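**Q** Just the structure for this:
(4 chains)
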Number of protein chains: 2
Amino acid sequence: MRLAELSERSGVPIATIKYYLREGLLAPGRQLNARTAEYDEDHLRRLRLVRAMIQVGRIPVATVRDVLGHVDDDSLPRTIRMGAALWALPQVPEPDEEDEYVGAAHQVADQLLESLGWSNAQALVTISPSYRSLVVALAALRRLGYDWDPQLLLAYARLMHGAAVLDLDFVETHGSEAERVETAVLGTVLVQPMLQALHRLAQEEESARRYGFE
Amino acid sequence: MRLAELSERSGVPIATIKYYLREGLLAPGRQLNARTAEYDEDHLRRLRLVRAMIQVGRIPVATVRDVLGHVDDDSLPRTIRMGAALWALPQVPEPDEEDEYVGAAHQVADQLLESLGWSNAQALVTISPSYRSLVVALAALRRLGYDWDPQLLLAYARLMHGAAVLDLDFVETHGSEAERVETAVLGTVLVQPMLQALHRLAQEEESARRYGFE
DNA sequence: CTCATTGGGGAGTGCCACTATCCAAGCACC
DNA sequence: GGTGCTTGGATAGTGGCACTCCCCAATGAG
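**A** Alright, predicted model coming up:
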């Protein structure tokens, strides 16, 4: 198919597709001649993935490029590619290690992993971006005067572990071997907004149950 | 305290505080005379809240202003204020109701609420931003070819309801009556990144358990 | 009296995700 | 073979946003 058709079927404006091509988010089409290129179903699928990551997942264009680079890197085994792709995702400000709240947050986070028995996560503490995000969030909470009950944190963590089990079960049963990495990235990028929406809906429901609408 | 001290104690640059003052995110200090204003602990607290919302919660400045407007609106009863503040939060693109995927997503979402017995949420379907976010996320997933098992969705929703119960318990036990609304907003804004971080950590842990590091 | 400091305000900056315009090559139809 | 529309590629521009710079006049410590 031509650019125009790719645009129509994906709903993405032509000018935007050109921009994605320039930025390396989309492989160039097969050149038929100097002035014609052809795109196929794979391009359409990839374009939809890119759009979903940018518009629903709010991932910056440069980050999407990095993530897809890992997804497409055939030189690595699958689990490594998956890890690399997921680690390229977050856009966390580096915690300021000088900050006293950050130091306290480290302790809380480490103790949490200990209590959970997440030994694998403990091994990755120094390098995992997720761990850094956790520390940043905990530090922000404490800076505002909210000290967390470790039991409460533990409860939240167990809930999210439940979600992670669901995620991985889903990945295992969906997509071909080749698509697994892509499915995993999607799972992280698109399931997150869905969870957030469910979370807020649940808050509204529970709040209405407790206090009514008054 | 003066601007300089406010800046130092909050870690926010003076120029940025001035910007927040101009944008109405922070009440002006008490004018001592034409060229001197004094700020107090309430200003510091509010400034930290604003910073956390913008930097950790990634809320746009204009949205923060709207949310705080509701938080401070003494003319409304607390539950209404809380609802208004939380509803001002999301920044969801309106779903395109013409889109076939959006239509299908509506059905899936409605059926989910039905199965859960979330009758309050059902009543709010037409106006709740959270419901719209859910529809957008589900539509994006289906557009990429992932049809959701209703059982799986249900499982995710039950998990997030568990989180909502923890949230509200926390709000009930923290802060004075006057601070409840602020605590609720914080709960939504700051707990979200924390949950996301826990979710990804849990994915890493579970993935390492299943597949090792290879 | 002097001069660095203060708060206010307007204008500028840098980043980012597009988007408008231009250009020359192709193709469709007459 | 000419006419005019379409195509893909490149360049430059746009608009939004979160700051950030700079200037000013008033202040107040030494």
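
**Q** Going by C-alpha atoms from here, please, whenever you check contacts or count neighbours.
**A** OK.

**Q** roughly how far out does the helix or strand bottoming out on mean pLDDT in chain A sit from the chain middle?
**A** Every helix and strand of chain A was ranked by mean pLDDT, DSSP states H and E. The lowest is strand A:30-33, at a mean of 75. How far strand A:30-33 lies from its chain's middle: 35 Å, per Cα atoms, centre = their mean, to the nearest Å.

**Q** for stretch A:129-148, same thing?
**A** Here the centre of stretch A:129-148 is set off from its chain's centre by 19 Å, with Cα atoms, centre = their mean.

**Q** tell me the domain ranges of chain A?
**A** Residue ranges of the domains in chain A are recorded as A:3-86, A:95-211, according to automatic domain parsing.

**Q** Can you get me the start-to-end distance on the longest one?
**A** Going back to what we said before, that points to domain A:95-211. 38 Å (Cα to Cα, to the nearest Å).

**Q** List, one by one, the residues from chain A near DNA strand C.
**A** A:13, A:15-16, A:18-19, A:33-36, A:54-55, A:59-62 (Cα under 7 Å from any atom of the strand).

**Q** Using pLDDT, spot the least trustworthy of those.
**A** By pLDDT, A:Ala34 ranks lowest within these, coming in at 67.

**Q** gap between the two ends of stretch A:93-104?
**A** 17 Å.

**Q** Would you mind listing the buried residues in it?
**A** Burial within stretch A:93-104, assessed by neighbour count using 16 or more other Cα atoms under 10 Å in any protein chain shown, is assigned to A:95, A:101-102.

**Q** wait, which of those is closest to B:Ala208?
**A** Nearest to B:Ala208 among the buried residues of stretch A:93-104: A:Pro95, at 25.3 Å, using Cα to Cα.

**Q** my read: the closest one touches A:Val102, true?
**A** Yes. With contact defined as Cα atoms under 8 Å, A:Pro95 counts as touching A:Val102 (6.8 Å).

**Q** so what sits against both of these two?
**A** A:135-136 (Cα atoms under 8 Å, 6 or more residues apart in numbering or on different chains).

**Q** Show me what from chain A comes close to DNA strand D.
**A** Residues of chain A lying near DNA strand D (Cα under 7 Å from any atom of the strand): A:2-4, A:15, A:18, A:22, A:28-29, A:31, A:35-38.

**Q** Which ones among the residues of chain A next to DNA strand C lie within helices?
**A** A:15-16, A:18-19, A:61-62 (DSSP state H).

**Q** related to what we said a few turns ago, please identify which of the residues of chain A next to DNA strand C is nearest to B:Ala88.
**A** A:Gln55 (19.7 Å).

**Q** Can you give me the separation between that closest one and A:Leu49?
**A** For A:Gln55, the distance to A:Leu49 - Cα to Cα - is 10 Å.

**Q** The two: which has the busier surroundings?
**A** A:Leu49 (22 against 14; other Cα atoms under 10 Å in any protein chain shown).

**Q** Assign that one to helix, strand or coil.
**A** Following DSSP: H, G, I helix; E, B strand; the rest coil, we place A:Leu49 in the helix state.

**Q** per-residue confidence at it?
**A** So A:Leu49 comes in at 90 (pLDDT).

**Q** For the nearest residue to it once chain neighbours are set aside, give me its contacts.
**A** Closest residue to A:Leu49 apart from its sequence neighbours, by Cα to Cα, 6 or more residues apart in numbering or on different chains: B:Leu144 at 6.9 Å. B:Leu144 is in contact with A:45, A:48-49, counting by Cα under 8 Å, 6+ apart.

**Q** Next: A:Ala140.
**A** A:101, B:52, B:56, B:190.

**Q** Packing partners of the helix ranked longest in chain A?
**A** Taking DSSP H as the criterion, chain A has its longest helix at helix A:180-211. Other helices and strands packing on helix A:180-211, by 3 or more Cα pairs under 8 Å, 6 or more residues apart in numbering or on different chains; DSSP states H and E, are helix A:78-88, helix A:150-173, helix B:119-123, helix B:129-143, helix B:150-173, helix B:180-211.
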